[in-house]
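# From the sequence below, what's the structure:
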Amino acid sequence: MINSKISKTLILLYFLVSIVEIIGIVLEQRILLLIFKPLIIPILGLTYINSVDKINKWYLLVLVLSFLGDVFLLFSGSNYFILGLGSFLLAHIVYIKIVKKDLKLFTLKKIIVAAFPFVLIFIFLISILYQNLGGMLAPVIIYGLTISVFGAISFYNYLEKKSNVSLLLALGAVIFIASDAMIALQKFHEPKSLYPVAIMITYVLAQYLIFKYMIGQIPQKFKANSQQSIT
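Predicted structure coming up:
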């Protein structure tokens, strides 16, 4: 049964833990990163489970993969980076599956419109990073293409439905891409002191907006049941 008070408390906890994580980044306190970063996604997962009557297991898989990605990226070294990249790659593939399932019809015109901005962003970033990627060229291209597809299909979903819920997903995807783009620029182009904080802020916001989309996708009968249980 849905408990709105618990959900609100968990959402507050999600942002509080995220803020402490960001403070850890600013103050360069690694202990805070090691403690609080792994808590962010599990708290969001608990919030989701407490907020719906019918759980989307694919979305839970995304959260598990995101948690693994967060943990791997806590550590330095190319192997950990590849493991983190792989975890988020799989997460985005599952996101694509979730969104695609909600779409009934695809038209060429809307596909072109939805894909065009993400193709431009992908080409622009690869052109900047190309010389410094070395052996990471293929993994980064594969990841970049995957997240671009996620952005395009999320934007297509918005063009198709034009709803507030679909807008949350589109914004979440765009912000996620911005976060990943900054990670790439920080690692393979020109590191900047502002990037780590901006990466974390955009990541937390993107995950929350996509979470809100998943909550908004609850069938009406479950929404009705939840409203009755609350009142």
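
# any idea which residue sits dead centre in this protein?
Among the residues of the chain, the one closest to the centroid is Q207, at 4.3 Å (Cα atoms, centre = their mean).

# Tell me who's in contact with that one.
40-41, 44, 66, 172, 176 (Cβ atoms under 8 Å, 6 or more residues apart in numbering). Using the backbone N, CA and C atoms, a C-beta is placed for each residue, glycine as well.

# got the CA coordinates for the host helix or strand of it in PDB?
Per DSSP states H and E, Q207 falls inside helix 195-216. Listed next in PDB are the C-alpha coordinates belonging to helix 195-216 (Å, rounded to 0.1, in the frame of the first residue of the first chain):
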ATOM      1  CA  TYR A 195      32.800  19.800 -13.500                       C
ATOM      2  CA  PRO A 196      32.600  17.300 -10.500                       C
ATOM      3  CA  VAL A 197      30.000  19.400  -8.700                       C
ATOM      4  CA  ALA A 198      28.000  20.100 -11.900                       C
ATOM      5  CA  ILE A 199      28.200  16.400 -12.800                       C
ATOM      6  CA  MET A 200      26.700  15.300  -9.500                       C
ATOM      7  CA  ILE A 201      23.900  18.000  -9.500                       C
ATOM      8  CA  THR A 202      22.800  17.100 -13.000                       C
ATOM      9  CA  TYR A 203      23.000  13.400 -12.300                       C
ATOM     10  CA  VAL A 204      20.800  13.600  -9.200                       C
ATOM     11  CA  LEU A 205      18.300  15.900 -10.900                       C
ATOM     12  CA  ALA A 206      18.200  13.600 -14.000                       C
ATOM     13  CA  GLN A 207      17.500  10.500 -12.000                       C
ATOM     14  CA  TYR A 208      14.800  12.300 -10.000                       C
ATOM     15  CA  LEU A 209      13.000  13.500 -13.200                       C
ATOM     16  CA  ILE A 210      13.100  10.100 -14.700                       C
ATOM     17  CA  PHE A 211      11.800   8.700 -11.400                       C
ATOM     18  CA  LYS A 212       8.900  11.200 -11.600                       C
ATOM     19  CA  TYR A 213       8.200  10.000 -15.100                       C
ATOM     20  CA  MET A 214       8.000   6.400 -13.900                       C
ATOM     21  CA  ILE A 215       5.600   7.400 -11.100                       C
ATOM     22  CA  GLY A 216       3.500   9.300 -13.700                       C
END
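
# Show the average pLDDT along that helix.
For helix 195-216, the mean per-residue pLDDT is 95.
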